[in-house]
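Colleague: Sequence and computational prediction follow.
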Amino acid sequence: MSIHNTTILALGSYFKGAAFLQECKALGCTVYLLTKEKYKDSDWPRESIDEMFWMPETHAQPDLTYAVSYMMRTRKIDRIVPLDDYDVEVAANLREHLRIPGMGETTVRHFRDKLAMRVQARDEGVNVPDFSPVLNYDDLREFMGRVPAPWVLKPRSEAASFGIKKLNSPDELWEKLNELGDRQSYFVLEQFIPGDVFHVDSVIWEDKVLFSIASGYAKPPLTVVSGGGVFRSRNLVYDSLDAVALRAFNQQVMKALRMKRGVTHAEYIKDADGKLYFLETAARVGGANLAEMIEAASGLNLWREWARVEVANARKQEYELPPIKQSYAGITVCLARQEWPDMSAYDDPEIVWKLVKEHHAGLIVQSDHSVRVRELLDGYGERFAQDFMAFMPQLDKPTD
């Protein structure tokens, strides 16, 4: 395949992934973007996009298949790439229908369906919290009799912490299932394990984890979403026991889930006894601006590397990681009372990025010293709570 005729179709149901599109164009690709009509006027890198298409909804079938098939009457497409978690399944469906290489529907379930990823991981010997499908009521009763409360009821295919409910008794579960009605099979019931929550972000090429970086949340994301607070994460000391163990565990998980190539964002928890459990993963760049934090720490832009992986595979070339640095970075973000919060008082020299988004405050710090990053984040957490923090009740799904 000529390097000049690689064509990438990016699916973007939200405005994100500009660096992915820019890198594809820099590599000589033809770049198409299909997005929602409401995002057509967003600040996309139009100089890197050959053609833009939009639809009222990018997930409605068979409309999406009809639209992309119509595009292909006059255009060739070599790869279809989902820019958001909610695009992952429809991208797989399109690949299967159009016979375009890439992750198919069965493997995609390992990275979108929380029940499928748990079953696959458990069957491959990966440590996961005890769980039960929400299908057979006798199985649910057996699970609740065997696993002490509290439990967590999770939507199988939502992203982040949306729709997750913590339950303390069987009565709470039955009441919730009654509310869900015919939708209850789209949930999984899981043992609640208190502990420290971590994330590992990776670049994978031909079944091998070439790059991974382990980071830790100050508070579990579910706690921040359900109870309010300031979101914070920072990468761990590279040779620390936790970081080494998490990277090794992450390799085991990616092998179990059959991840062949691309980028992944995975979450793990360590209980009071120091045991690691796999919580969930996604075959895409992590949200909440974690990619910017990881770039500040490592020099690696996950969006750009994802583009390089996809293009190398399409061209039957080898992919090589760029040079990696080992610095430290952390991020803090919260909902803000102010429409455009004034962050001018935050002026430490370690600040390398500030979030510009309505009703949000956020920044990233970078240092050669992990202790300094932690010190700054701890201070900013308290200051953000006083200066900006607003609380909005947890939603069952994200708003557009």
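Modeller: Structure received. Residues are numbered from 1 along each chain as shown.
Colleague: nearest residue to Tyr238 other than its sequence neighbours?
Modeller: Nearest residue to Tyr238 in three dimensions, chain neighbours excluded: Gln326, at 5.4 Å (CB to CB, 6 or more residues apart in numbering). (Each C-beta comes from the backbone N, C-alpha and C, glycine too.)
Colleague: what do you get for Met103?
Modeller: Ala92 (5.8 Å).
Colleague: Was I right to think that neighbour contacts Ile100?
Modeller: No - applying CB atoms under 8 Å, one finds Ala92 not in contact with Ile100, separated by 10.1 Å.
Colleague: Between those two, tell me which one has more neighbours.
Modeller: Legend: neighbour count by other CB atoms under 10 Å for Ala92 and Ile100, higher for Ala92 (23 against 17).
Colleague: if we can go back for a sec, Val253 versus the residue nearest to Met103, what's the distance?
Modeller: Here Ala92 is placed at a distance of 20 Å from Val253 (CB to CB, to the nearest Å).
Colleague: Asp242 too?
Modeller: For Asp242, the distance to Val253 - CB to CB - is 16 Å.
Colleague: Glu292 now?
Modeller: 24 Å.
Colleague: Between those two, point out the one with more neighbours.
Modeller: Neighbours were counted for Glu292 and for Val253 using other CB under 10 Å; Val253 has more, 27 against 20.
Colleague: Is that one located within a helix, as I assumed?
Modeller: Yes - judged by DSSP: H, G, I helix; E, B strand; the rest coil, Val253 forms part of a helix.
Colleague: tell me the contacts of it?
Modeller: Ala121, Val126, Ala266, Phe278, Thr281 (CB atoms under 8 Å, 6 or more residues apart in numbering).
Colleague: Same list, the residues you listed, but as TSV with neighbour count and secondary structure please.
Modeller: Output for the contacts of Val253, formatted as TSV (neighbours: other CB atoms under 10 Å; DSSP: H, G, I helix; E, B strand; the rest coil):
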residue	neighbour count	secondary structure
Ala121	21	helix
Val126	19	coil
Ala266	26	strand
Phe278	23	strand
Thr281	25	strand
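Colleague: ok, so of those residues, who is nearest Gln61?
Modeller: Distance to Gln61, by CB to CB, is smallest for Thr281 among the contacts of Val253, at 24.8 Å.
Colleague: Once you drop chain neighbours, what's closest to the closest one?
Modeller: Using CB to CB, 6+ apart, the closest residue to Thr281 is Ala266 (3.8 Å).
Colleague: And for Phe192?
Modeller: Pro150 (4.4 Å).
Colleague: What about that neighbour, how many residues nearby?
Modeller: Neighbour count of Pro150, defined by other CB under 10 Å: 13.
Colleague: so what's it scoring on pLDDT?
Modeller: In this model, Pro150 is scored at 96, pLDDT.
Colleague: is it true that it touches Leu167?
Modeller: Yes - between Pro150 and Leu167 there is a contact under CB under 8 Å: 6.1 Å.
Colleague: related to what we said a few turns ago, quick one: the residue nearest to Thr281 from His110, how far?
Modeller: The spacing between Ala266 and His110, counted by CB to CB, is 11 Å.
Colleague: shared neighbours of those two, which are they?
Modeller: Joint contacts of Ala266 and His110 (CB under 8 Å, 6+ apart) are Thr281.
Colleague: returning to what we had before: let me see the contact set for the residue nearest to Met103.
Modeller: By CB under 8 Å, 6+ apart, the neighbours of Ala92 are Gly102, Met103, Gly104, Glu105, Thr107, Val108.
Colleague: And the buried ones among those, selectable in PyMOL?
Modeller: Remark: buried members of the contacts of Ala92, expressed as a PyMOL selection using 16 or more other CB atoms under 10 Å:
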select buried, resi 102+103+107+108
